[in-house]
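J.: next comes the sequence, and after it the predicted model I'd like to discuss.
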Amino acid sequence: MDKKRLEYYKKKLEARREELLKLIARTEQEGRAADDDPTVDLADKAANSYTKEFLFGQTDHDRVPLQLVEEALARVRNNEFGLCVNCEEEVQQKRLEAVPWARHCISCQEKQEQGLL
């Protein structure tokens with residue numbers, strides 16, 4: 001992959017990382033804010049507890065794509081970006097455009113989804 005295209009994907013990945021970090025921080029802050037409500041009603045406490053659990057679950061959900069983005073940035077630094085981590089063939093440009101943190105080419109991704117990898 002040429003340097004210009006690699007730099008393009010690097011910027012795209014860094015922007016996605018920042019977006020995810022902000023989302024996680026905001027969700028964690030909202031989860032902490034659910035504790036600040038001085039309600040005494042048992043039903044309100046249960047609702048706040050549910051909200052807090054839901055928000056922290058969202059944070060965990062957002063950490064998975066963040067980890068994939070971080071791994072893709074590491075592949076950029078190691079000059080391995082754009083290669084399938086399984087077969088080491090070049091990942092299709094359309095796939096990278098849609099999912100720049102993609103680890104696999106389309107055929108290996110299909111195999112992984114079928115549990116064959």
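T.: That came in fine, so what should we check first?

J.: every contact and neighbour count from this point should use C-alpha atoms.
T.: OK.

J.: list the helices and strands whatever helix or strand N48 lives in packs on?
T.: Using DSSP states H and E, N48 sits in helix 42-77. On a contact count with 3 or more CA pairs under 8 Å, 6 or more residues apart in numbering; DSSP states H and E, helix 42-77 meets helix 3-36.

J.: check the residue nearest the centre of the chain and give its pLDDT.
T.: The chain has P65 as the residue nearest its centroid, 1.3 Å off, counting by CA atoms, centre = their mean. Predicted confidence (pLDDT) for P65: 92.

J.: repeat that for I106.
T.: pLDDT, I106: 94.

J.: next one: it from E80, what distance?
T.: 17 Å (CA to CA, to the nearest Å).

J.: same check, this time on L68
T.: Between L68 and E80 the computed distance is 14 Å (CA to CA).

J.: now do V91
T.: V91 is 11 Å from E80, by CA to CA.

J.: A46 too?
T.: A46 is 48 Å from E80, by CA to CA.

J.: from the middle of its chain, how far away would stretch 23-37 be?
T.: 19 Å (CA atoms, centre = their mean, to the nearest Å).

J.: contacting residues for G82?
T.: 1, 90-92, 96 (CA atoms under 8 Å, 6 or more residues apart in numbering).

J.: where does the prediction get shaky in the chain?
T.: In the predicted model of the chain, residues 34-40, 42, 52, 55-56, 58-59 satisfy pLDDT under 70.

J.: try it again at 80.
T.: 28, 30-62 (pLDDT under 80).

J.: measure how buried C108 is and give me the count.
T.: Using other CA atoms under 10 Å, the number of residues around C108 comes to 19.

J.: over to Q114?
T.: If we define neighbours as other CA under 10 Å, then Q114 has 9 of them.

J.: how close does it sit to Q92?
T.: Taking CA to CA, one finds Q114 at 20 Å from Q92.
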